[in-house]
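>>> Sequence first, predicted coordinates after that:
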Amino acid sequence: MTAAVKHFLDLDEIDAGTLRGLVDDAVAIKQGTAGTDRPLAGKTLAMIFEKPSTRTRVSFEVGMKQLGGEVVVLNGSELQLGRGETVADTARALSCYVDCIMMRTYEREKITEMAHHATVPVINGLTDHSHPCQLLADVMAYEEHRGPIRGKVVAWSGDGNNMASSWIHASVRFGFRLRIACPPERSPDPDLLAWARANGGEVELMHDPVAAVTDADCVVTDAWISMGDDDTSRHNLLAPYRVDETLMDRASEDAVFLHCLPAHRGEEVTPGVIDGPRSIVWDEAENRLHSQKAILTWCLS
């Protein structure tokens with residue numbers, strides 16, 4: 001790895017000004033005012049998927065092609081990585097052939113090791129620890145509908161999972177208040193909460209979803225069971241944190257609802273909320289394309 005390589009691994013590893021610039025770039029791309037149409041002509045992106053994907057795969061592939069580049073899609077089962085080759089050797093080999101690597105995997109350590117040994121940018125397409133690309137689309141969607149997110153109150157109700165972790169990172173970097181409501185058994189990593197507070201973040205962990213959502217400007221949740229996880233026992237544990245119309249009505253009158261998708265209607269959210277007038281999940285989903293293009297351009301600039 002050289003000092004000039006720009007990885008996109010986690011929001012806590014990138015300064016606030018750069019992240020603000022990436023959201024602004026994504027807006028410009030969406031509005032067609034970003035300048036050069038095909039800035040990545042001649043570049044190739046390798047995408048490694050050890051977890052299934054819809055939005056991440058399509059947005060990165062379409063985005064890279066719209067920017068003029070090429071894409072190689074690699075499933076984990078098709079790689080020597082899945083047959084015992086080290087992450088380090090895979091990183092070195094891919095760096096000989098492509099200009100950027102996007103990886104969607106389970107362990108955070110795999111992404112970290114890939115970036116350490118690659119000589120090209122590495123992008124975190126999702127791990128069990130975080131989902132940083134999604135947060136740029138989320139912030140962008142909120143600001144399209146309600147203006148700057150700085151100083152606003154975002155309420156999370158549900159599992160303290162990888163998406164909750166990235167919302168914690170984002171609250172520090174974008175300057176909004178975050179209330180996280182989840183069962184004690186499913187709380188985010190205490191070290192992550194300590195990092196947020198040490199860096200000036202206004203993050204409050206609580207176990208009452210009503211208290212978290214009351215007068216919030218934005219309500220967020222995610223699936224209770226992550227991909228590859230067969231622990232269905234947490235359904236009863238998380239049922240009180242379901243975002244239904246009654247809970248949503250406790251938020252501010254003009255609050256919006258976000259969900260990174262895929263959604264399980266009737267579990268973490270009711271159809272009346274996710275398909276209702278305060279839901280902006282489809283703008284959020286579309287913004288994955290524009291934010292991925294901003295990330296790719298930044299990494300390869």
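The structure has been received and is ready for your questions.
>>> element containing Leu258?
Secondary structure assigned from DSSP states H and E places Leu258 in strand 256-259.
>>> next SSE after that strand?
Next helix or strand after strand 256-259 toward the C-terminus (DSSP H and E): helix 271-274.
>>> That next one - what's its average pLDDT?
Averaging pLDDT along helix 271-274 gives 98.
>>> Show me what counts as buried in that helix.
Using 16 or more other Cβ atoms under 10 Å as the test for burial, helix 271-274 gives 273-274. Placement of C-beta: from N, CA and C, glycine included.
>>> Now the next helix or strand after it: buried residues?
For helix 271-274, the succeeding helix or strand toward the C-terminus, using DSSP H and E, is helix 281-300. When burial is assessed from 16+ other Cβ under 10 Å, helix 281-300 yields the following buried residues: 281, 283-300.
>>> what helices or strands is helix 281-300 leaning on?
Identification of packing neighbours for helix 281-300 by 3 or more Cβ pairs under 8 Å, 6 or more residues apart in numbering; DSSP states H and E yields helix 16-31, helix 55-66, strand 100-104, strand 122-126, helix 132-146, strand 256-259.
>>> Identify whichever of these lies nearest to Phe8.
strand 122-126 (4.6 Å; Cβ to Cβ).
>>> Let's see the lowest-mean-pLDDT helix or strand in the chain as PDB, backbone CA atoms only.
Of all regular secondary-structure elements in the chain, judged by mean pLDDT, DSSP states H and E, the least confident is helix 234-238 with a mean of 91. What follows is the C-alpha trace of helix 234-238 in PDB, where atoms were taken according to Å, rounded to 0.1, in the frame of the first residue of the first chain:
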ATOM      1  CA  ARG A 234     -34.200 -12.200  18.200                       C
ATOM      2  CA  HIS A 235     -37.600 -11.600  16.600                       C
ATOM      3  CA  ASN A 236     -39.400 -11.500  20.000                       C
ATOM      4  CA  LEU A 237     -36.500  -9.400  21.400                       C
ATOM      5  CA  LEU A 238     -36.800  -6.800  18.700                       C
END
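>>> Show me what the following helix or strand past that helix is in contact with.
Elements were assigned by DSSP H and E; along the chain past helix 234-238, the next helix or strand is helix 245-248. Contact with helix 245-248 is made by 157, 209-210, 213, 219, 255, 257, 270, 272-273, 276, 278, as judged by Cβ atoms under 8 Å, 6 or more residues apart in numbering.
>>> Could you pull out the buried residues of helix 245-248?
Buried positions in helix 245-248, judged by neighbour count with 16+ other Cβ under 10 Å: 247-248.
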